[in-house]
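Undergrad: build me a structure from this.
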Amino acid sequence: MGLVVTIPQNVITYTENQKQKWINGEREDCPEGYCKNLPGSYGFGEYLVGQHFAAQGYNWIHHDFNIFGGNKPGKYPKAEEIFIEYFGSDRYETLRYFHRNFKPLEEPDLLIYKPDLSEIRFAESKRADTKDKMRPAQIKGLAIISVLLNCKAEIFWVVKEGDLVYPDPIQISFP
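TA: Now for the predicted structure:
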């Protein structure tokens with residue numbers, strides 16, 4: 001039978017005005033440098049998911065982290081500091097190499113954390129207007145995070161207000 005992991009899928013809505021402001025470069029309320037500097041509508045979904053969590057007292061990092069160890073240590077010092085503080089340096093180093101047993105897998109878009117580091121979670125943002133889809137390697141990455149790190153890992157569909165989307169949770173099985 002093996003292990004079955006269920007990944008929740010959620011919906012966050014936006015208005016056309018919010019999207020146009022983002023496209024026009026009106027991003028003063030975006031605290032995240034990588035996301036803020038992307039061209040056009042890129043980063044809009046990640047921004048909305050990040051702000052959803054910021055309203056609940058979390059901080060967030062888009063892209064600039066590496067939990068699966070594909071980059072050299074030191075590339076993302078802020079995220080590394082968070083991971084070491086939360087997981088401990090030995091466990092973090094083990095995680096950086098353990099992922100090789102599960103390739104292919106991808107890291108999610110967002111690292112979300114409480115300022116006091118009492119909680120870390122991860123989120124993948126998908127925009128319905130761009131017909132974005134979940135890839136198997138992304139699903140596997142979220143499942144590995146959920147099981148091995150015991151962290152919440154979720155998918156957020158970013159949908160224009162008024163559009164009806166009711167995504168079911170995704171299940172992935174490991175032998």
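Undergrad: lowest average confidence, helix or strand, in the protein?
TA: When each helix and strand of the chain is scored by mean pLDDT, DSSP states H and E, helix 89-98 comes last, with a mean of 83.
Undergrad: I'd like to know which elements that one is packed against.
TA: Helices and strands touching helix 89-98, by 3 or more C-beta pairs under 8 Å, 6 or more residues apart in numbering; DSSP states H and E, are helix 77-87. Every C-beta, even on glycine, is put in place using the N, C-alpha and C of the backbone.
Undergrad: neighbours of A137, how many?
TA: By the criterion of other C-beta atoms under 10 Å, A137 has 13 neighbours.
Undergrad: er, L111 I mean
TA: For L111, the neighbour count with other C-beta under 10 Å is 27.
Undergrad: for it, give the beta-bridge partners.
TA: With DSSP bridges applied, L111 shows beta-bridge pairing to I61, F122.
Undergrad: list the buried residues for the least confident helix or strand of the chain?
TA: Buried residues in helix 89-98, counted by 16 or more other C-beta atoms under 10 Å: 92, 95-96.
Undergrad: cool, and stretch 108-127?
TA: Applying a neighbour-count criterion of 16+ other C-beta under 10 Å, one finds 108-113, 120-127 buried in stretch 108-127.
Undergrad: need the max-distance pair from the residues you listed.
TA: I120 and R127 (24.2 Å; C-beta to C-beta).
Undergrad: nearest spatial neighbour of P115, chain-adjacent residues omitted?
TA: N59 (5.8 Å; C-beta to C-beta, 6 or more residues apart in numbering).
Undergrad: what's around that neighbour, how many residues?
TA: 17.
Undergrad: kindly report the same for the one 4 residues further on.
TA: Using other C-beta under 10 Å, the number of residues around H63 comes to 19.
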